[in-house]
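Novice: With the sequence up front, the predicted model follows.
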Amino acid sequence: MVSFSTAQVTIQPRQMDYSYSGVLYNSEKTFLAALHTNGVNFGYRNGSIRKYYLTNYTDIDIGTLKHPKEYNQNIRTQSVLHNISSAGAFTYGKQNSFFTIRAGLGAKRYFSEKARRKGVSVALTYEGGPSLGILKPYYLDLRKFNGDRYYIQSVRYSEKTAGDFLDINNIVSSSSAFKGFGEISLVPGLQGKSSVNFSFGDSDEYVKSIEAGLMIDVFPRSIPIMINTPNSNFFINFFLQFEFGKRK
């Protein structure tokens, strides 16, 4: 007589391991758009994914950098008070517009795994590098009189034109934004940024993130943006940056 015994076998489901031991992607290429305390920037970033938590990158951006006291006048009020029939926006007391081109070498270091958090990862980014400041003369359309008639003349600030340039009764509007590009001057400098990066989305293939942080620009001399307001050679701004692109 043969007897059979039945053994009970318990099968444990395999646990998914979400910890990364290697690199799924080698690179990422993204476009940048940022708002900061005194201007805007647009740029491009090329990243090299070294480890699952570390991406080294280079980037370049171009944007505006305004003086903290720079603001547009209320033209509608001015036009009523001074009987100007074709008034437009202008910035009183401004002598130059200032733009910057920045190049940076930086890193993005993650503190959380997006796979575990189901769609959100947090990283610290930091970078530094050279910058190139671009000074462009700021022109105003001024009202000039010839006998009993008046005409409009585009004028930039100088010691000779200071009286007319700063007389608000003569100002009609700012001149064309393209006026003065043939008279630009360059100022080399240095720049640095540090921020917290929040990356969103269930797919690691696409980059969609928001960065919030601090940026600094330093130049060897004071940047003459305003006339009767102290100017500085360094700018510190808070910024909010949007990044979007793709990994490979």
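Specialist: Everything's here; your move. Numbers count the residues shown, from 1 in each chain.
Novice: who's in contact with the nearest residue to K144 once chain neighbours are set aside?
Specialist: Of all residues not flanking K144 in the chain, Q153 sits nearest, at 4.9 Å (C-beta to C-beta, 6 or more residues apart in numbering). For every residue, glycine as well, the C-beta is placed using N, CA and C. Contacts for Q153 (C-beta atoms under 8 Å, 6 or more residues apart in numbering) come out as 141-142, 144.
Novice: Filter those down to just the buried residues.
Specialist: Among the contacts of Q153, those scoring as buried are 141-142 (criterion: 16 or more other C-beta atoms under 10 Å).
Novice: The contacts of Q153 in strands, which ones?
Specialist: Within these, residues falling in strands by DSSP state E are 141-142, 144.
Novice: and which of the residues you listed is nearest to S209?
Specialist: Closest approach to S209 among these (C-beta to C-beta): D141, at 42.5 Å.
Novice: What distance do you get for that closest one to L166?
Specialist: As for D141, its distance to L166 is 15 Å (criterion: C-beta to C-beta, to the nearest Å).
Novice: go on, A177?
Specialist: 21 Å.
Novice: Paired strands for the lengthiest strand in the chain, with orientation please.
Specialist: Longest strand in the chain by number of residues (criterion: DSSP E): strand 120-137. Here strand 120-137 is paired, per DSSP bridges, with strand 96-110 (antiparallel), strand 185-200 (antiparallel).
Novice: for the record, mean pLDDT for it?
Specialist: Confidence for strand 120-137, expressed as mean pLDDT, is 95.
Novice: Can you list the buried residues in it?
Specialist: Using 16+ other C-beta under 10 Å as the test for burial, strand 120-137 gives 121, 123, 125, 127, 129, 131-137.
Novice: List just the nearest of the residues you listed to Q95.
Specialist: In terms of C-beta to C-beta, no member of these lies closer to Q95 than P137, at 7.2 Å.
Novice: Roughly how far does the closest one sit from A123?
Specialist: The gap separating P137 from A123 is 41 Å, by C-beta to C-beta.
Novice: Show the contacting residues for the spatially most central residue of the chain.
Specialist: Note on the chain: the residue nearest the mean C-alpha position is N41, at 2.7 Å, using C-alpha atoms, centre = their mean. N41 makes contact with 32-34, 61-64, 102, 239, 241, according to C-beta under 8 Å, 6+ apart.
Novice: Run through the chain and note the low-pLDDT ranges.
Specialist: By pLDDT under 70, the low-scoring segments of the chain are 1-23, 74-87, 113-118, 202.
Novice: ok, now with 90
Specialist: In the predicted model of the chain, residues 1-25, 51-53, 71-89, 111-121, 143-152, 168-173, 177, 199-206, 248 satisfy pLDDT under 90.
Novice: And the strands in it, which stretches?
Specialist: Counting by DSSP E, the chain has these strands, from start to end: 27-36, 39-51, 54-64, 96-110, 120-137, 139-146, 149-156, 171-174, 185-200, 206-218, 234-247.
Novice: Okay, angle between the fourth one and strand 39-51 too, please.
Specialist: Relative orientation of strand 96-110 versus strand 39-51 (axes from the mean of the first three to the mean of the last three C-alpha atoms, to 10 degrees): 20 degrees.
Novice: So for strand 96-110, what gets flagged as buried?
Specialist: 96-98, 100-104, 106-108, 110.
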